[in-house]
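Novice: predicted model and sequence follow; I will ask about them next.
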Amino acid sequence: MWEEYKSKTLGHLHTNSMKNQLSCHVSNAPGKDPWNLESWRPDVGYSATVQAACNP
């Protein structure tokens, strides 16, 4: 899904934080609506992103 996301968004949105948020939502909250992917969120790593309910 990350490759598809990158193909549809601007390069400045291709950060580790965005990748972790997207991966977290895909794995842990597929039915959540909406997914709040926000570029201003810090890169805290995948585990901490999951612990923060995908939005650290």
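Specialist: Cool, the structure landed.
Novice: dump the residue contacts of the nearest residue to Ala29 once chain neighbours are set aside.
Specialist: Distances taken as C-beta to C-beta, 6 or more residues apart in numbering place Cys54 nearest to Ala29, at 6.0 Å, with adjacent residues excluded. For glycine as for every other residue, the C-beta is placed from the backbone atoms N, C-alpha and C. For Cys54, the contact set (C-beta atoms under 8 Å, 6 or more residues apart in numbering) comprises Gln21, Cys24, His25, Asn28, Ala29, Trp35, Asn36.
Novice: show the pLDDT at the fifth one.
Specialist: Yep, that's Ala29 we're talking about. If you check Ala29, the pLDDT there is 91.
Novice: same question, Val26
Specialist: As predicted, Val26 sits at a pLDDT of 96.
Novice: which of the helices or strands spans it?
Specialist: Using DSSP states H and E, Val26 sits in helix 16-28.
Novice: pull the CA atoms of the host helix or strand of Glu3 into PDB?
Specialist: Counting by DSSP H and E, the element that carries Glu3 is helix 2-8. Extracted in PDB, the C-alpha atoms of helix 2-8 (Å, rounded to 0.1, in the frame of the first residue of the first chain):
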ATOM      1  CA  TRP A   2       2.900   2.300   0.700                       C
ATOM      2  CA  GLU A   3       4.000   2.200  -3.000                       C
ATOM      3  CA  GLU A   4       0.500   3.100  -4.100                       C
ATOM      4  CA  TYR A   5       0.400   6.000  -1.600                       C
ATOM      5  CA  LYS A   6       3.700   7.300  -2.900                       C
ATOM      6  CA  SER A   7       2.500   7.200  -6.500                       C
ATOM      7  CA  LYS A   8      -0.500   9.400  -5.600                       C
END
